[in-house]
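Novice: no FASTA, just this:
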């Protein structure tokens, strides 16, 4: 092969909710471009991360988890995932190995929307069985790996740990080899196509989910209402609104005496300052907007609705 050959292409990360797609994206890029929480279905937009090397540039699209839930917000999330899949040169199907080894009966339910589309794929497909770090006895994974290989015989199936970065070198070798020849699409120092305001809102949303975990439903969104960068000062002023669907949710986010939202703000400010490499003055507000997950106009204003 010509030593000067450069490859460039798009890869869609797809799979059921909470499989570890966002953790994988961050591991592949080497920096945080997608929020990571313990709650499934927290990725709502197509998150684009860019890996640049001397021999290749790979543009990864992290997508909302593919599932079979109803509701306008969930339908919008599925549409985003399928759009990313259609635009890709190769696909990574991410599965929670720990879950399906412990509860194999859940596999058919969770991947039902993917079985036929992946089996019919002519593009390269890599099936990553994630979370192998949770198993000392690796032989326990064999039945699941064999089942997936039989289900998708044309796909490359292998175990990995996105959290510990086990298997990442092998995955990158595969993916780079699948990319078409071509020049880079983005500057080599660019790691995402996302606006910094969007990434800032995502950081706040991540801290809300991680702080409240199972207590808070998914009907939470964040909007940046004010963004000021004062000329001559190394500081950004950010006012963000956390939208919830019920008054009881507002009380949960604020916490007793404002303690919870204060902690959310402290943790978010730290990550935002690392992102912007500037001092950040962050103000957080909580507002109730009932039924927003069915309000297409409001979702569009938050940048949540894909093109139709």
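Specialist: Yep, it's here. Small disclaimer: the values here were computed from a predicted structure and weren't measured.

Novice: and residue 21, how many neighbours?
Specialist: 30 (other CB atoms under 10 Å). To be clear about C-beta, it is placed using only N, CA and C from the backbone, and glycine gets the same treatment.

Novice: now the strands: where do they sit in the stretch 151-300 of the chain?
Specialist: 156-159, 220-229, 235-244, 279-288 (DSSP state E, counting those that start in this stretch).

Novice: for residue 144, which of the ones you listed is the nearest?
Specialist: Across these, residue 144 has its closest neighbour in strand 156-159 (8.7 Å, CB to CB).

Novice: contacting residues around that closest one?
Specialist: 97, 124-130, 132, 138, 141, 145, 148-149, 167, 170-171, 174 (CB atoms under 8 Å, 6 or more residues apart in numbering).

Novice: PyMOL command for the buried members of the residues you listed?
Specialist: Buried members of these, defined by 16 or more other CB atoms under 10 Å, are picked up in PyMOL with:
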select buried, resi 97+124+125+126+127+128+129+130+132+141+145+148+167+171
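
Novice: can you put the strands of the stretch 151-300 of the chain in a markdown table and add mean neighbour count, distance to residue 186 and mean pLDDT?
Specialist: What follows is the strands of the stretch 151-300 of the chain, written out as a markdown table (neighbours: other CB atoms under 10 Å; distance: least, CB to CB, whole Å; pLDDT from 0 to 100):
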| stretch | mean neighbour count | distance to residue 186 | mean pLDDT |
| --- | --- | --- | --- |
| strand 156-159 | 19 | 26 | 93 |
| strand 220-229 | 16 | 23 | 89 |
| strand 235-244 | 19 | 24 | 93 |
| strand 279-288 | 15 | 26 | 94 |
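
Novice: for the ones you listed, give me JSON lines that also has distance to residue 185.
Specialist: Output for these, formatted as JSON lines (distance: least, CB to CB, whole Å):
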{"stretch": "strand 156-159", "distance to residue 185": "25"}
{"stretch": "strand 220-229", "distance to residue 185": "27"}
{"stretch": "strand 235-244", "distance to residue 185": "28"}
{"stretch": "strand 279-288", "distance to residue 185": "30"}
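
Novice: tell me where the model's unsure across the stretch 201-308 of the chain.
Specialist: 214-218, 303-308 (pLDDT under 70).

Novice: how about 90 then?
Specialist: Applying pLDDT under 90 to the stretch 201-308 of the chain flags residues 201-202, 205-206, 209-221, 229-234, 245-246, 248, 274-278, 289-308.

Novice: list the contacts for residue 161?
Specialist: Residue 161 neighbours (CB under 8 Å, 6+ apart): 130-133, 167.

Novice: also residue 88?
Specialist: Here residue 88 is in contact with 9-12, 61, 123 (CB under 8 Å, 6+ apart).

Novice: what's opposite the closest residue to it other than its chain neighbours in the beta bridge?
Specialist: Distance criterion CB to CB, 6 or more residues apart in numbering; nearest residue to residue 88, sequence neighbours excluded, is residue 12 at 3.8 Å. For residue 12, the beta-bridge partners under DSSP bridges are residue 61, residue 91.

Novice: helix or strand for the closest residue to residue 190 other than its chain neighbours, which one?
Specialist: Distances taken as CB to CB, 6+ apart place residue 50 nearest to residue 190, at 5.7 Å, with adjacent residues excluded. In this assignment (DSSP states H and E), residue 50 forms part of strand 47-52.

Novice: hang on, the earlier thing: what about the contacts of residue 161, which are in strands?
Specialist: Using DSSP state E, residue 130 are the members of the contacts of residue 161 that sit in strands.

Novice: can you lay out the contacts of residue 161 as CSV showing distance to residue 187?
Specialist: Output for the contacts of residue 161, formatted as CSV (distance: CB to CB, whole Å):
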residue, distance to residue 187
130, 30
131, 34
132, 35
133, 34
167, 29
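
Novice: quick one: mean pLDDT over the helix or strand harbouring residue 109.
Specialist: Using DSSP H and E, the element containing residue 109 is helix 106-119. Helix 106-119 carries an average pLDDT of 84.

Novice: quick one on the thing from earlier: and which of the contacts of residue 161 is nearest to residue 186?
Specialist: For the contacts of residue 161, the nearest to residue 186 is residue 167 (25.7 Å; CB to CB).

Novice: show me the contacts for that closest one.
Specialist: With CB under 8 Å, 6+ apart, residue 167 has these contacts: 128, 132, 158-161.

Novice: hmm, 7 Å instead?
Specialist: 158-161 (CB atoms under 7 Å, 6 or more residues apart in numbering).
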